[in-house]
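J.: Give me a 3D structure for the following:
(one chain, ligands or ions: 1)
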Amino acid sequence: MCGIVAVTGYKKALPLLMNGLEKLEYRGYDSAGIAIVNSETKNITCNKAEGKLKNLIKNLNDKNMPGTVGIGHTRWATHGKPEIKNAHPHTNSSGTIAVVQNGIIENFQDLKNKLQKEGVIFNSDTDTEVIPHLIQRELNTLSKLNLDKNGSTLLVAVRNVISDLEGSYALAVLWADAPTSLVVARRQAPLIIGLGEGEFICASDTPAIANFTNIILPMEDEEIALLTPLGIEIYDSNNERQYRSPVSLKVSEQIMDKMNFKHYMLKEIYDQPETAKNWLKNYLIKDLENGQYQINYPFDTKFFESIERIEIIACGTSKHAAMVGKFLLEQFSGIPTNVFYASEFRYSPPPLLPNTLTIGVTQSGETADTIAAIDMEIKRRSSKEDKKFTPNLIAITNRKESSIGRQVLNIIDICAGIEVGVAATKTFFGQLLSFYGLAIKFAQIKGTQGSDEIDKLITELIKLPPLIEDLLEQHNESSEKLAHDFFNIKDVIFLGRGINYPIALEGALKLKEISYIHAAGYPAGEMKHGPIALLDKKVPVISIASPGQVFDKVISNAQEAKARDSFMIGIAPECNGTEIFDYLMKIPSSTEWVSPLLNIVPLQLLSYHIAAHRGLDVDQPRNLAKSVTVE
Ligand code: M6R
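T.: As a prediction, the model looks like this:
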């Protein structure tokens, strides 16, 4: 989604902004732009381009952009097409105010209508453009009070304007009359200030800052700040000055390195043994007294005892992890669990039930729907006097410092390191592991599984890192070869049952989002109720058949598909029954419980190789964004 970088200090702004924007590319965007104020001439120069940053860089070669204060933006179109006129920064009519924004201004049409009636001419279709015009109007009013033309005046003007905005935003504002100042503000969209040496850099995400400094001040919701080369002033929504200490960026938040891999996605698929090792190291501890393993989540789990049900809120791949979580929490730990799309939960939440644990799952920690749904749940539970409705919350994320990290106290940080590829791979794997930990914890507390069964599961989890390494070695080349045969395919069906049904959904999502091939996942038993009509020899079927309670059923469902001439690919160990597959992606034997952690790996590799073979932008697929910060 849109990314913001803003800088003020003593160094030339242009290279700092461009470097920051490059680091935000992974979020997904379709146009980009920058504006820099020249403190001598008090002029703002803007440059914008459609498409990738290289187009903007081409423009910049022709233009001289001196100045040490500037703002930059990568835009993911919401209001208005990805055209130059809609690219940020947007300015007021005289070009003396420039604004970049992330989020959606929901009442922009009303505001625009009013401004148009006052004679303001708009140059874009965006919601953002109302902001510089409103700031101009506010500055006109303030000028009647004879206030100095400085950053403090700009701060007052921006504060007055944002109080009229509905929706979400992170924004950065330049004013030619206060050429060393920058005003930034946020509501339900992330913004982090980095404290560099001789400059302050403010951005939507830490990678844009990490090259300059590892000292950051994440802005809280509804805060506004004035940044000058001399310092920072932060205010809350009540206009109270805020004082707090900066924090250090973790090393993992600073590293964005493709190593020798062609794409980040492939590197991140290969990071998964490390993700497993990190999880085991962080969260599995051996009790020295009784030799038993315990899950060491970093919060008091006493409240688990009173939990009678669980609701999980997530989007996309995170929802698929949540569905595996539901299976584990219900079937292994005996706790009734429901999974909701965050975007649906917000507008049709289930009736409130007591003693509920709410789990938010989001790798980025910034997904607008997930954040809003959790917020709503906190509010509606807190409004009840009965203690049984107290919000009990856990968030599973890869970005502890994100919005969900500030919203929810109990965090399971999956510690996967920055995931750059838009397609979630290692973070999905880390989310899955987090649910195994929760299932074990609940089974221990509720006594729903004997210690033998729990130990068996833990032993399998401990053995994961080398198993995943083997799977990667075994399947990378073979899936690349298979990709050659598949790269022209139009439709693919993924089948799974039970704990592997969400893996079928995830396999299909991975394929469609990066290769643009239509793919759909189904519970294998549902095929004959409709989707089987799609099958013929042009539609391959990928069937996940892990030994366990539904193995025979999955094989029968695969037989039905084979009888319709589909090319059958099996994700299964080599065993009786799997000979029906035309191609078998062999998986090591395991219990059905841990099979999702193994089955997902060849599916990720296959999707990756198909997309790479089609020559597509694997890490930044069209129309998609890494952090979906708008509703
Ligand atoms: O950051 P989140 O985990 O909340 O993101 C949710 C989805 O936007 C995300 O999983 C999306 O579906 C990915 N592109 C999947 O690869």
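
J.: quick one: the closest residue to the ligand within the chain and R406, what's the gap?
T.: The minimum distance from the chain to the ligand, using C-beta to the nearest ligand atom, falls at G316 (2.1 Å). The C-beta positions use only the backbone N, C-alpha and C, and glycine is treated the same way. For G316, the distance to R406 equals 22 Å [C-beta to C-beta, to the nearest Å].

J.: again, but for R564
T.: From R564 over to R406 (counting by C-beta to C-beta), the distance is 51 Å.

J.: Kindly report the same for A572.
T.: Going from A572 to R406 by C-beta to C-beta gives 43 Å.

J.: Tell me which of the two has more neighbours.
T.: Shown here are A572 and R406; by other C-beta atoms under 10 Å, A572 has more neighbours (25 against 17).

J.: Can you name the residues bridging to the more buried one?
T.: K586 (DSSP bridges).

J.: coming back round to it: so what's the residue of the chain closest to the ligand scoring on pLDDT?
T.: In this model, G316 is scored at 97, pLDDT.

J.: Pull the number of nearby residues for it.
T.: The tally of other residues near G316 (other C-beta under 10 Å) stands at 22.

J.: wait, it sits on T427?
T.: No. G316 is beyond contact range of T427, at 10.9 Å (criterion: C-beta atoms under 8 Å).

J.: low-scoring stretches of the stretch 251-400 of the chain, by residue?
T.: Residues of the stretch 251-400 of the chain meeting the criterion pLDDT under 70: 251-255.

J.: you'd agree L606 is up against K481?
T.: No. Here L606 does not reach K481: they are 10.4 Å apart, not a contact under C-beta under 8 Å.

J.: who's more crowded, those two?
T.: Comparing L606 with K481 by neighbour count (other C-beta under 10 Å), the higher total belongs to L606, at 26 against 11.

J.: which residue is nearest the centroid of this protein?
T.: S364 (3.2 Å; C-alpha atoms, centre = their mean).

J.: Specify the local secondary structure of that residue.
T.: When classified by DSSP: H, G, I helix; E, B strand; the rest coil, S364 comes out as coil.

J.: ok now do it, which residues does it touch?
T.: Counting by C-beta atoms under 8 Å, 6 or more residues apart in numbering, S364 touches 397-399, 402, 626-628.

J.: Export the lowest-mean-pLDDT helix or strand in the chain to CSV, keeping only CA atoms.
T.: Ranked by mean pLDDT, DSSP states H and E, the helix or strand of the chain with the weakest confidence is helix 53-62, at a mean of 81. C-alpha atoms of helix 53-62 as CSV (Å, rounded to 0.1, in the frame of the first residue of the first chain):
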residue,chain,number,x,y,z
LEU,A,53,10.5,4.3,-9.1
LYS,A,54,12.9,4.0,-12.1
ASN,A,55,10.5,6.2,-14.0
LEU,A,56,10.7,8.8,-11.3
ILE,A,57,14.5,8.5,-11.3
LYS,A,58,14.5,9.2,-15.0
ASN,A,59,12.6,12.4,-14.4
LEU,A,60,14.8,13.5,-11.6
ASN,A,61,17.9,13.4,-13.8
ASP,A,62,16.6,16.4,-15.7
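
J.: Next up, identify which helix or strand the closest residue to G316 other than its chain neighbours is on.
T.: The shortest distance from G316 to any non-neighbouring residue, by C-beta to C-beta, 6 or more residues apart in numbering, is to L509 (6.9 Å). According to DSSP states H and E, L509 maps onto helix 501-515.

J.: Does that helix reach the ligand?
T.: Yes. Contact of helix 501-515 with the ligand (C-beta under 6 Å from any ligand atom) involves E513.

J.: Just the mean pLDDT for that helix, thanks.
T.: In this model, helix 501-515 has an average pLDDT of 97.

J.: and whatever helix or strand comes next after it, which strands flank it?
T.: Next along the chain after helix 501-515, taking DSSP H and E as the criterion, comes strand 518-523. Paired strands of strand 518-523, with direction, are strand 491-496 (parallel) (DSSP bridges).

J.: How about the secondary structure of G548?
T.: Classification of G548 using three-state DSSP returns coil.

J.: who's in contact with it?
T.: Here G548 is in contact with 498-499, 591-592, 595 (criterion: C-beta under 8 Å, 6+ apart).

J.: Now look at stretch 182-194 and say if it contacts the ligand.
T.: No. Judged by C-beta under 6 Å from any ligand atom, stretch 182-194 stays clear of the ligand, getting no closer than 11.7 Å.

J.: Can you get me the start-to-end distance on that stretch?
T.: 14 Å (C-alpha to C-alpha, to the nearest Å).

J.: Give the ranges of residues in the stretch 1-150 of the chain that sit below the confidence cut-off.
T.: 1, 61-63.

J.: rerun that using 90 as the cut-off
T.: Low-confidence segments of the stretch 1-150 of the chain (pLDDT under 90): 1-2, 23-30, 39-42, 51-66, 75-84, 103-104, 106, 143-149.
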